[in-house]
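1. got a predicted structure here, sequence first:
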Amino acid sequence: MNVHLDIAPLVAEALATGVPVVALESTIISHGFAYPANVECAYEAQRVALEAGVVPATIAIVGGRLTVGLTDEQIEHFGTAPGITKASRRDIAMLAAREMDGATTVAGTMLIAAMAGIRVFATGGIGGVHRGAEKTFDISADLVELSRTDVAVVCAGAKSILDIGLTLEYLETHGVPVIGYCTDEFPAFYTRSSGFGVDERVETAEDIAAFLRAKRGLALSGGAVVANPIPVQHELDPQMLEGVIDSALAEADAQGVHGKDVTPFLLARIHELTGGASEEANKQLVYSNVRLATEIAAVL
């Protein structure tokens, strides 16, 4: 057991007794939505898992401790405290050394979930290659983590603010399989399609679990992307969304926003420019991903 790791009693008991567990991230709490929507989303994601008989393990760094399974009090803290670090792999050691808080990204959550022995993680969307990366080299650490850490990430594809074609090229180069759940197309977060295909299509959680078992049995390193399109009734209009994204990107460039500040800035502007419709879509795709992740974890 990692000396910096704290696993909540309910999660530890589940892992010890074979009860399925699904990891959840904390960046969505600190940097995804404004309060109280962020906390409400975190509680609802946990409720969806528990309703399916699966133990949710929301992951964060609390006072330097890598914490697997946040309490309600800790969720409220991450939802309201200002200035909490957005914690990816590179940040974890320093946060531990300085005994600081960190809201874990997809990469950070994957890393800590793997330390705890959790194999399935539900999130909103993965990070990826940013538009204009040929000049900025802005590529999310999520993609690198997917190439090295054996956790299945259930997501609604990659955020539509990204260059999805280059994101998929990066994943292919690094041997990360992209599995489409009941879809031949890679979803684009707020929309069900991106114009790009997945590596393989599967129809059931049992098929996904069989694939993950085979992958582990073959000792193939790295994770897997399980792409689950946003429910059709919550999808945003693709043409409207592209115009909004272009506007938000232009604002980010004009204001000199860069690095890990880009995604929160763009999501906040998209929320404003869509009159809040993007927030509801974001919540619903998270819940949909948690449902699928619980099915996979239960089969495993």
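-> Alright, I've got the coordinates.
2. for the stretch 101-250 of the chain, give me the ranges with low pLDDT.
-> Across the stretch 101-250 of the chain, not a single residue meets the criterion (pLDDT under 70).
3. now do the helices in it.
-> Counting by DSSP state H, counting those that start in this stretch, one finds helices in the stretch 101-250 of the chain at the ranges 106-116, 133-136, 141-148, 164-173, 205-217, 238-255.
4. JSON lines for those helices, including mean neighbour count and distance to Ser194?
-> C-beta here means a position set from N, CA and C on the backbone, and glycine is covered the same way. Formatted as JSON lines, the helices of the stretch 101-250 of the chain follow (neighbours: other C-beta atoms under 10 Å; distance: least, C-beta to C-beta, whole Å):
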{"stretch": "helix 106-116", "mean neighbour count": "26", "distance to Ser194": "18"}
{"stretch": "helix 133-136", "mean neighbour count": "12", "distance to Ser194": "17"}
{"stretch": "helix 141-148", "mean neighbour count": "21", "distance to Ser194": "16"}
{"stretch": "helix 164-173", "mean neighbour count": "18", "distance to Ser194": "5"}
{"stretch": "helix 205-217", "mean neighbour count": "16", "distance to Ser194": "20"}
{"stretch": "helix 238-255", "mean neighbour count": "15", "distance to Ser194": "9"}
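5. dump these to a markdown table, plus distance to Ala34.
-> Converted to a markdown table, these look like this (distance: least, C-beta to C-beta, whole Å):
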| stretch | distance to Ala34 |
| --- | --- |
| helix 106-116 | 21 |
| helix 133-136 | 27 |
| helix 141-148 | 23 |
| helix 164-173 | 27 |
| helix 205-217 | 33 |
| helix 238-255 | 16 |
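6. closest to Val39 out of those helices?
-> Closest approach to Val39 among these (C-beta to C-beta): helix 106-116, 17.7 Å.
7. neighbouring contacts of that closest one?
-> 2, 5, 7, 11, 15, 23-27, 57, 59, 61, 66, 68, 87-89, 91-92, 102, 104, 119, 121, 123, 126-127, 140-142, 144-146, 149-151, 153, 155, 223 (C-beta atoms under 8 Å, 6 or more residues apart in numbering).
8. residue contacts, the residue nearest to the spatial centre of the chain?
-> Against the mean C-alpha coordinate of the chain, by C-alpha atoms, centre = their mean, the closest residue is Thr123 at 3.2 Å. For Thr123, the contact set (C-beta under 8 Å, 6+ apart) comprises 24-25, 28, 106, 109, 153-155, 286, 289.
9. pretty sure Val153 sits against Ser147.
-> No. Val153 is beyond contact range of Ser147, at 11.9 Å (criterion: C-beta atoms under 8 Å).
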